[in-house]
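*Asks:* Next come a sequence and a model predicted from it.
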Amino acid sequence: MPRQPARVLVVEDDEDLRVAVTAELTAADLRVEAAGDLAGATAALDGADPDCVVFDRMLPDGDAIGYVHRRRQSGWAVPVLFLTARDTVHDRIAGFEHGGDDYLVKPFAAAELAARVLALCRRSGGGRPSVLRHSDLELDCARREVRRGGTLLTVSGKEFAVLEYLMARPDGVVRRDELIEHCWDSSSDPMSNVVDVVVRRLRRKLGEPELVHTVRGVGYRMAP
């Protein structure tokens, strides 16, 4: 049976932009649902989770960053891309720290948006075991949940993607550039410290004893 196209929710209050983004993503063979505010996003997300959500940051009923942060705290791990006119380093960092997986500044090229959304969707699907386990750590790919010792942990979509990739290769060393290739979009700089930042956050959230080990000069591996 052919695989169903990935599902994307677009939350944008500017009707012209919402229509344009929906058309571009539909042309990229994605199933697109749209909403104009956070209330509409909640109604859409009350059903089955999509493979990715595109949020305009400033919406009529609030800042999407706070909304995503609150959902992350309950274990929600759907990949999120923020659209915004805010282009300072502080704004971009805030987007990632509050649960965003990608950040695109307006105005943007529609083709770039589609490429970034497709990259996020690829991390949500694919043939993989429904549950990965390592020691007392459990990662549920279908529910996109992480538990350690039975306790549900709050992780971002990026942290989930990195942990999933490492847990799927428990006996090998995963190179930093390999994580960049599979967990970030093609525009990411393999010499940047984005991987280190995400791994540090993961270690803090996973707690002790440490499960993600650094292989100096190479990359990372799950603890033996």
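*Replies:* All right, it came through fine. Residues are numbered from 1 along each chain as shown.

*Asks:* For the rest of this, base every contact and every neighbour count on C-alpha atoms.
*Replies:* Noted.

*Asks:* mind listing the strands for this structure?
*Replies:* Using DSSP state E, the strands of the chain run over residues 7-11, 31-35, 52-56, 58-59, 62-63, 80-84, 102-105, 131-134, 137-140, 145-148, 151-153, 174-175, 212-215, 219-222.

*Asks:* for this structure, what spans make up the helices?
*Replies:* Secondary structure of the chain (DSSP state H): helices at 15-27, 38-45, 64-73, 89-97, 110-124, 157-167, 176-183, 194-206.

*Asks:* hmm, back to that, just send the strands of the chain back as TSV, with distance to Val194 too.
*Replies:* Converted to TSV, these look like this (distance: least, Cα to Cα, whole Å):
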stretch	distance to Val194
strand 7-11	25
strand 31-35	29
strand 52-56	21
strand 58-59	25
strand 62-63	25
strand 80-84	16
strand 102-105	12
strand 131-134	24
strand 137-140	22
strand 145-148	21
strand 151-153	21
strand 174-175	13
strand 212-215	15
strand 219-222	13
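
*Asks:* Between those, which one is closest to Leu113.
*Replies:* If you check each of those against Leu113 by Cα to Cα, strand 102-105 wins as the nearest, at 7.6 Å.

*Asks:* Comparing the helices of the chain, which comes out most buried?
*Replies:* helix 157-167 (a mean of 22; mean count of other Cα atoms under 10 Å).

*Asks:* now the angle between helix 89-97 and it, please.
*Replies:* 50 degrees (axes from the mean of the first three to the mean of the last three Cα atoms, to 10 degrees).

*Asks:* For helix 157-167, give the mean pLDDT please.
*Replies:* Mean pLDDT, helix 157-167: 86.

*Asks:* before we move on, the earlier item: now the helices of the chain in a markdown table, please, with extra columns for distance to Thr214.
*Replies:* Listed next are the helices of the chain as a markdown table, based on distance: least, Cα to Cα, whole Å:
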| stretch | distance to Thr214 |
| --- | --- |
| helix 15-27 | 38 |
| helix 38-45 | 37 |
| helix 64-73 | 26 |
| helix 89-97 | 22 |
| helix 110-124 | 23 |
| helix 157-167 | 12 |
| helix 176-183 | 10 |
| helix 194-206 | 9 |
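
*Asks:* For Pro224, which of those is the nearest?
*Replies:* helix 157-167 (11.5 Å).
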